[in-house]
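Q: Could you work out the structure for the sequence below:
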Amino acid sequence: MNCPTLSDWVTTQMLKHCFFTGGIAQTNGWLLETPEGALAVDAPEGMARWLRLRGVKLTALLLTHQHFDHVQDAAAVKAEHGCPIHAFAPYSRALTLEDLFGVATGMSVSVPPYTVDHLLEGQDALSVARITFDLKHVPGHSPDSVCFHAAEHGILMGGDVLFAGSIGRCDFPGGSQRQLVQGIAEKLMILPDATRVLPGHGPETTIAAERSDNPYL
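A: Model prediction:
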């Protein structure tokens, strides 16, 4: 679990961001703040409590995709903050993979159902708390994977599409490494070198570093 203090905020052009890591898959949930409001990107297990302890009130919750480890606290976050949920597709147990995980591992996981208020499929951009995101639909890890690119702030919320030195796994239903790599090449590798990638797992990276050193690309 990562519980930053105020000194751990990273500030870029009036945007502050920090992260929480929680759940069985050590999933990153990101918190972005501007003078006009706050939003979260993904909601791993424990995210709601972490936000409560920070005293943050969210404007919105954005989901990069709906695998269980990214949405286990989505219902709790929405209930506590009254904020809308933005995602590429409606809530679906086929997307959360909780049933598949239980069969494959013998371990039970549960995702409290939630409602997606704003569907992003077919949209090119989203503005929340005065942050404008270009939306990059990059399936291959999950059919609903979407990356949020805030060009003004030089950040990309990468979800499980692109990691430091790796890419998302492609062996889930609807997965395709060919589709994922093609989407990364066509939609993410064209971004400026200095773009900071804030991923769903592990440390942040940059587009330049992944273009140069990522063995999958």
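Q: my guess is Glu18 is in a strand, correct?
A: For residue 18 the amino acid is Cys, not Glu. Yes - applying DSSP: H, G, I helix; E, B strand; the rest coil, one finds Cys18 inside a strand.
Q: Count residues in the vicinity of it, would you?
A: 17 (other C-beta atoms under 10 Å). Quick note: C-beta positions are derived from backbone N, CA and C, even for glycine.
Q: Phi and psi next, for Ser166.
A: Main-chain dihedrals, Ser166, degrees, to the nearest 10: phi -160, psi -180.
Q: which ones are touching the residue lying closest to it once chain neighbours are set aside?
A: Nearest residue to Ser166, sequence neighbours excluded (C-beta to C-beta, 6 or more residues apart in numbering): Tyr216, at 6.6 Å. Residues near Tyr216 by C-beta atoms under 8 Å, 6 or more residues apart in numbering: 166-167, 177, 181.
Q: phi, psi of Tyr216?
A: According to degrees, to the nearest 10, the main-chain angles of Tyr216 amount to phi -80, psi -10.
Q: residue ranges with poor pLDDT in this structure?
A: For the chain, applying pLDDT under 70 flags the ranges 1-13, 101-107.
Q: Okay, helices next: where are they in it?
A: Secondary structure of the chain (DSSP state H): helices at 47-54, 68-71, 74-81, 93-96, 98-105, 177-183, 207-213.
Q: nearest to Arg130, of those helices?
A: Distance to Arg130, taken as C-beta to C-beta, is lowest for helix 74-81 among the helices of the chain, at 17.8 Å.
Q: So which other helices or strands are in contact with that closest one?
A: helix 47-54, strand 60-62 (3 or more C-beta pairs under 8 Å, 6 or more residues apart in numbering; DSSP states H and E).
Q: Could you dump the ones you listed into TSV with mean neighbour count and distance to Cys18 added?
A: Output for the helices and strands packed on helix 74-81, formatted as TSV (neighbours: other C-beta atoms under 10 Å; distance: least, C-beta to C-beta, whole Å):
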stretch	mean neighbour count	distance to Cys18
helix 47-54	19	9
strand 60-62	25	16
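Q: Out of the ones you listed, the one nearest Leu32 is which?
A: With C-beta to C-beta, the closest approach to Leu32 among the helices and strands packed on helix 74-81 belongs to strand 60-62: 9.0 Å.
Q: residues making contact with that closest one?
A: Strand 60-62 has contacts (C-beta under 8 Å, 6+ apart) with 39-43, 74, 77-78, 81, 83-87, 126, 128-129, 133, 148, 157.
Q: Pro199 is nearest to which of the helices of the chain?
A: For Pro199, the closest of these is helix 207-213, at 10.2 Å, according to C-beta to C-beta.
Q: What are the buried residues along the closest one?
A: For helix 207-213, the neighbour count (16 or more other C-beta atoms under 10 Å) marks 207, 210-211 as buried.
Q: With just CA atoms, put stretch 82-102 into PDB.
A: Extracted in PDB, the C-alpha atoms of stretch 82-102 (Å, rounded to 0.1, in the frame of the first residue of the first chain):
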ATOM      1  CA  GLY A  82     -21.600  10.900  -5.200                       C
ATOM      2  CA  CYS A  83     -19.300  11.200  -8.200                       C
ATOM      3  CA  PRO A  84     -20.100   9.800 -11.700                       C
ATOM      4  CA  ILE A  85     -18.100   6.900 -13.100                       C
ATOM      5  CA  HIS A  86     -16.700   7.200 -16.600                       C
ATOM      6  CA  ALA A  87     -15.700   4.000 -18.500                       C
ATOM      7  CA  PHE A  88     -15.500   2.700 -22.000                       C
ATOM      8  CA  ALA A  89     -18.300   0.100 -21.500                       C
ATOM      9  CA  PRO A  90     -21.100  -0.600 -19.100                       C
ATOM     10  CA  TYR A  91     -20.400  -2.600 -15.900                       C
ATOM     11  CA  SER A  92     -20.200  -6.300 -16.800                       C
ATOM     12  CA  ARG A  93     -19.100  -9.400 -14.900                       C
ATOM     13  CA  ALA A  94     -17.600 -10.600 -18.200                       C
ATOM     14  CA  LEU A  95     -15.300  -7.600 -18.000                       C
ATOM     15  CA  THR A  96     -14.400  -7.800 -14.300                       C
ATOM     16  CA  LEU A  97     -13.200 -11.400 -14.700                       C
ATOM     17  CA  GLU A  98     -14.100 -12.200 -11.100                       C
ATOM     18  CA  ASP A  99     -15.700 -15.500 -12.100                       C
ATOM     19  CA  LEU A 100     -12.700 -16.500 -14.300                       C
ATOM     20  CA  PHE A 101     -10.300 -15.600 -11.500                       C
ATOM     21  CA  GLY A 102     -12.100 -17.800  -9.100                       C
END
